[in-house]
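**Student:** Here is a sequence together with a model predicted from it:
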Amino acid sequence: MSSDMPEIARRGLMFVLSSPSGAGKTTLSRKLLEAETGIEMSVSVTTRPKRPGETDGKDYIFKEPDEFQKLRDDEALLEWAEVFGNFYGTPREPVDGALAAGRDILFDIDWQGTQQLRESMRDDLVSVFILPPTAQALGERLKTRAQDSAEVVADRMSKASSELSHWAEYDYVIINSDVDHALGELRSILAAERLKRDRRTGLARFVRDIQSKL
């Protein structure tokens, strides 16, 4: 980028990744955060137990069910869903602040949460569905997860077909047969969405400034 390239104000966007469990969205989310600046992970509130190595406030905000219900009743969540017997939700306040400041927010959520975000924040939402290359690959990835029991793996596999049925609701679809290739496609989507005219709130002033000097 040229050193005299002006910085044009932009509203942030909500970059949503969804997939069946085991299709790789969490790995892709981590790699995207490492590769890109100006984007941060949305930290969800959840009632599920904390897994080994997770940090409260960083990986998730862990709440008791009654605390989660209060947040939901107070409309302090942009979206919420019950997944495998646990509740997950997105706090409203930090997202609103980030978007207004021109920072992008990355979401690792399911189709239920995406539908709710689309209803309330359609103009800010960019949604991507991650597909596994084959059913066999999906099963193998789930079985290699050390933190999940055999019962949980079986439950996730049985629900994968239902989750896959929502792929057509998303703006973009990526087949994750190779992580690096899929990451490159994600970065291309993000770059293009950041350049959309309606999202670049400083363009009108920038153009007027050029016109005034002609």
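**Tutor:** Cool, got the structure. A quick note: this is a predicted structure, and the numbers were derived from the prediction, not measured.

**Student:** Give me the three-state assignment for Ser177.
**Tutor:** coil (DSSP: H, G, I helix; E, B strand; the rest coil).

**Student:** Look up the closest residue to it, ignoring the ones flanking it.
**Tutor:** Pro133 (3.8 Å; C-beta to C-beta, 6 or more residues apart in numbering). In short, each C-beta sits where N, CA and C put it, glycine included.

**Student:** Could you do Leu142 as well?
**Tutor:** Gly22 (4.2 Å).

**Student:** In this structure that neighbour contacts Arg141, no?
**Tutor:** Yes: between Gly22 and Arg141 there is a contact at 4.0 Å, judged by C-beta atoms under 8 Å.

**Student:** Comparing these two, which residue is more hemmed in?
**Tutor:** Of the pair Gly22 and Arg141, Gly22 is the one with more neighbours under other C-beta atoms under 10 Å, namely 22 against 18.

**Student:** Could I get the contacting residues of the more buried one?
**Tutor:** 132, 138-139, 141-142, 145, 156, 160 (C-beta atoms under 8 Å, 6 or more residues apart in numbering).

**Student:** Point me to the helix or strand that includes it.
**Tutor:** Using DSSP states H and E, Gly22 falls within no helix or strand.

**Student:** who's in contact with the helix or strand hosting Leu117?
**Tutor:** According to DSSP H and E, Leu117 maps onto helix 111-121. Here helix 111-121 makes contact (C-beta under 8 Å, 6+ apart) with 14, 16, 18, 78-81, 83, 88-90, 107, 109, 125, 127, 163, 166, 169-170.

**Student:** let's go with 10 Å and repeat that
**Tutor:** 13-14, 16-20, 44, 77-83, 88-90, 92, 95-96, 99, 107, 109, 124-125, 127-129, 162-167, 169-171 (C-beta atoms under 10 Å, 6 or more residues apart in numbering).

**Student:** among these, which ones are buried?
**Tutor:** 13-14, 16-20, 44, 77-81, 83, 88-90, 92, 95, 99, 107, 109, 124-125, 127-129, 163-164, 166, 170 (16 or more other C-beta atoms under 10 Å).
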